[in-house]
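Peer 1: A structural model of the following input is requested.
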Amino acid sequence: MATKSKAKAKGGIVELIKTIAYALLLAGVIRTLFFQPFWIPSGSMKPTLLIGDFLFVNKMAYGYSRHSCPFSMCPFSGRILASDPKRGDVVVFKHPTNGTDYIKRLIGLPGDTVQVKNGLLYINGTLAPQQPDGIFTEPYAPQGPMRSMPRCENAPVSPGGPCEKDRAIETLPEGLKHAVLNIDDDGFGDNTPVFVVPEGEYFFMGDNRDNSMDSRFPRSAGGVGTVPFENLVGRADRVIFSSAGPSMLAFWTWRPDRFFVRID
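Peer 2: Numbers count the residues shown, from 1 in each chain. The predicted structure is shown next:
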């Protein structure tokens, strides 16, 4: 009887291990094929995304690609299109040169012209108007695991003091509205040449316009240039969790007002 009991217990442990292994395998498949977790490390997308926001990227938004499906599981090397990327989408993509994950807003579609003049965005020669929307304020204090300090329009600011930036609502040609920030009146990216977006590529910008190395800047200068369709990982739709501290375990720095917030 004791031998049977030991065998039964051993069998139960084996089944438990198998169940855990299957669950981990399923979670890995779901992560690989459908969703990818992403932690916001920088302030380039403020105020839409804050340092410490945690989200899942919808990897199926634009179909499969080599970045969303491992070769061993995919019988193709290109991308199967699900839907076209839309202007205004917030997208995670691979840097065309070094493969690092970036997250920015899609501004220019293939064939578009894009230019910034005096800090204002022009798409195909038409202004994307901005409506002043008050002041974005945050403490001048270390942010996130990298403990980076925010840039302030009202600099210099004492530690812990209010770090301010002008906030505006920008309207893209299709009518989508989103918030943008301004730090400098004549920043390095506030006046650019006319960019022509090549076929099969996309033009991205950060919402924190004076604090984003994006498609306005060539790769040789630390920017991303235009991004090929193949490099798009997926669309960011919703913030799941948010922490202002150095670790997600620092519960006293959690931002409950940002849990499950839709990304516009």
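Peer 1: CA only for contacts and neighbour counts going forward, please
Peer 2: Fine.
Peer 1: Helices of the stretch 1-150 of the chain, residue ranges please.
Peer 2: If DSSP state H, counting those that start in this stretch is used as the criterion, the helices of the stretch 1-150 of the chain fall at 2-33.
Peer 1: low-scoring pLDDT stretches of this protein, where are they?
Peer 2: 1-33, 64-82 (pLDDT under 70).
Peer 1: Excluding covalently adjacent residues, which one is nearest to the residue nearest the centre of it?
Peer 2: Using CA atoms, centre = their mean, the residue of the chain that lies closest to the mean C-alpha position is I103, 2.9 Å off. Residue nearest to I103 in three dimensions, not counting chain neighbours: V92, with 4.3 Å by CA to CA, 6 or more residues apart in numbering.
Peer 1: so that neighbour bridges to which residues?
Peer 2: The partner list for V92 in beta bridges (DSSP bridges) reads I103, G234.
Peer 1: Check the burial of it by counting its neighbours.
Peer 2: 23 (other CA atoms under 10 Å).
Peer 1: My guess is it contacts K104. True?
Peer 2: Yes. When contacts are counted by CA atoms under 8 Å, V92 is listed as touching K104 (6.8 Å).
Peer 1: Can you pull the domain assignment for the protein?
Peer 2: For the chain, the structural domains run 1-33, 34-262, going by automatic domain parsing.
Peer 1: you'd agree P129 is up against G175?
Peer 2: No. Look at P129 against G175 with CA under 8 Å: they stay out of range, at 10.4 Å.
Peer 1: between these two, which one's more packed in?
Peer 2: P129 (15 against 10).
Peer 1: who's in contact with that one?
Peer 2: Contacts of P129 were listed using CA atoms under 8 Å, 6 or more residues apart in numbering, and they are L120, L121, E170, T171, L172.
Peer 1: Check those for burial and list the buried ones.
Peer 2: Neighbour counting over these (16 or more other CA atoms under 10 Å) leaves L121, E170, T171, L172 as the buried ones.
Peer 1: Columns distance to W252 on top of those, output as a markdown table?
Peer 2: As requested, the buried ones among the contacts of P129 are exported to a markdown table (distance: CA to CA, whole Å):
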| residue | distance to W252 |
| --- | --- |
| L121 | 39 |
| E170 | 33 |
| T171 | 36 |
| L172 | 37 |
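Peer 1: If we only consider these, which is nearest to V224?
Peer 2: L121 (18.0 Å; CA to CA).
Peer 1: The closest one reaches L127, doesn't it?
Peer 2: Yes. The pair L121 and L127 passes the contact test of CA under 8 Å, sitting 6.0 Å apart.
Peer 1: Next one: the residue nearest to F54 when sequence neighbours are not counted relative to K104, how far apart?
Peer 2: Beyond its immediate neighbours in the sequence, the residue positioned closest to F54 (CA to CA, 6+ apart) is W39, lying 4.6 Å away. In this structure, W39 and K104 are separated by 13 Å, where distance is defined by CA to CA, to the nearest Å.
Peer 1: quick one: which of these two has more around it?
Peer 2: Higher neighbour count among W39 and K104: K104, with 25 against 15, using other CA under 10 Å.
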